[in-house]
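**Q** Just to be clear, the model below is a prediction. Sequence and coordinates:
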Amino acid sequence: GENVEQHPSTLSVQEGDSAVIKCTYSDSASNYFPWYKQELGKGPQLIIDIRSNVGEKKDQRIAVTLNKTAKHFSLHITETQPEDSAVYFCAASSYTSYGKLTFGQGTILTVHP
Amino acid sequence: DAGVTQSPTHLIKTRGQQVTLRCSPKSGHDTVSWYQQALGQGPQFIFQYYEEEERQRGNFPDRFSGHQFPNYSSELNVNALLLGDSALYLCASSLTLSVSDYGYTFGSGTRLTVV
């Protein structure tokens, strides 16, 4: 089955710096790669996603890149703010298991004022 | 517009007991998926319901079962609880069976503690 590895497990940055979180996946049939932000006591919230026919996608301070050949994708957050502090999860879904997301282990991002 | 509603928010059960968790999907959504999130881990897929039938299932034992009602709400049942079942149980709803079409909306979860 699909396996998603996420690094780093913790990331600490100063306000205004950039943050990068990386994930690799194992299933060549994977075609959908969302990123979720989870704050304490809440469920995961979708912040950005990318499909396998696209190499990069941006939404204001957030961008995601996908390298299908290497089977890895990354989340980039620029101009970080204290409210960006949360746990971030990458995930993957394939056209064979279209209703299921396989999640990475999560990255605890701390943005220091 | 109400999002995904889960109840109860917290629950403490004794090993060997049975538990039922409930989920109301976001308005307009007809597909419900359940995930188990152990402390410090990413969510793990349990199963997905659509048109009152289980459509996909993850690697969970038969002690985990579910149901979907005609109004699209759903229940997750866990029998013969083990200490290892302690986790946050998340419900996610979507517009279609395929998560890649429109994504999921997650609820805030039910925190289950088995003692």
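**A** Received, thanks.

**Q** Let me know the next secondary structure element after the host helix or strand of B:His67.
**A** Assigned by DSSP states H and E, B:His67 belongs to strand B:64-68. Following the chain from strand B:64-68 toward its C-terminal end, the next helix or strand by DSSP H and E is strand B:74-78.

**Q** For the lowest-mean-pLDDT helix or strand in chain B, give me every contacting residue.
**A** Sorted by mean pLDDT, DSSP states H and E, the helices and strands of chain B end with helix B:99-102, the least confident at a mean of 82. If you take Cβ atoms under 8 Å, 6 or more residues apart in numbering or on different chains as the criterion, helix B:99-102 is touched by A:31-32, A:34, A:49, A:51, A:93, A:98-101, B:33, B:94-96. In this view, the C-beta of every residue, glycine as well, is placed from N, C-alpha and C.

**Q** outside of the next helix or strand after it, which residues touch it?
**A** Downstream of helix B:99-102, the next assigned helix or strand under DSSP H and E is strand B:105-106. With Cβ under 8 Å, 6+ apart as the test, strand B:105-106 has contacts from A:36, A:43-46, B:3-4, B:25-26, B:29, B:35, B:90-94.

**Q** Tell me the buried residues in the least confident helix or strand of chain B?
**A** B:Val99, B:Ser100 (16 or more other Cβ atoms under 10 Å in any protein chain shown).

**Q** next one: stretch A:51-67
**A** Of all the residues in stretch A:51-67, those buried under the rule 16+ other Cβ under 10 Å are A:Ser52, A:Ile62, A:Ala63, A:Val64, A:Thr65, A:Leu66.

**Q** what pairs with the second one across the strands?
**A** Right, the one you point to is A:Ile62. The partner list for A:Ile62 in beta bridges (DSSP bridges) reads A:Asp59, A:Ile77.

**Q** What residues does it make contact with?
**A** Applying Cβ under 8 Å, 6+ apart, the residues contacting A:Ile62 are A:Trp35, A:Ile47, A:Ile48, A:Leu75, A:His76, A:Ile77, A:Thr78.

**Q** Filter the residues you listed down to the buried ones.
**A** Applying 16+ other Cβ under 10 Å to the contacts of A:Ile62, the neighbour count classes A:Trp35, A:Ile47, A:Ile48, A:Leu75, A:His76, A:Ile77 as buried.

**Q** Can you pick out the most distant pair from those residues?
**A** With distances taken as Cβ to Cβ, the most widely separated pair in the buried ones among the contacts of A:Ile62 is A:Ile47 and A:His76, at 11.8 Å.

**Q** Take stretch A:103-113 and give me the span from its first residue to its final residue.
**A** 29 Å (Cα to Cα, to the nearest Å).

**Q** any idea of the mean pLDDT for it?
**A** Across stretch A:103-113, pLDDT averages out at 97.

**Q** distance of A:Tyr95 from B:Val32?
**A** Here the criterion is Cβ to Cβ, to the nearest Å. By it, A:Tyr95 lies 21 Å from B:Val32.

**Q** hang on, the earlier thing: quick one: which of the contacts of helix B:99-102 is nearest to A:Val87?
**A** For A:Val87, the nearest member of the contacts of helix B:99-102 is A:Pro34. The distance, counting by Cβ to Cβ, is 14.6 Å.

**Q** Where does the residue nearest to the closest one when sequence neighbours are not counted sit: helix, strand or coil?
**A** The spatial neighbour of A:Pro34 that comes closest, neighbours along the chain excluded (Cβ to Cβ, 6 or more residues apart in numbering or on different chains), is A:Asp49 at 3.8 Å. Using DSSP: H, G, I helix; E, B strand; the rest coil as the criterion, the local structure at A:Asp49 reads strand.
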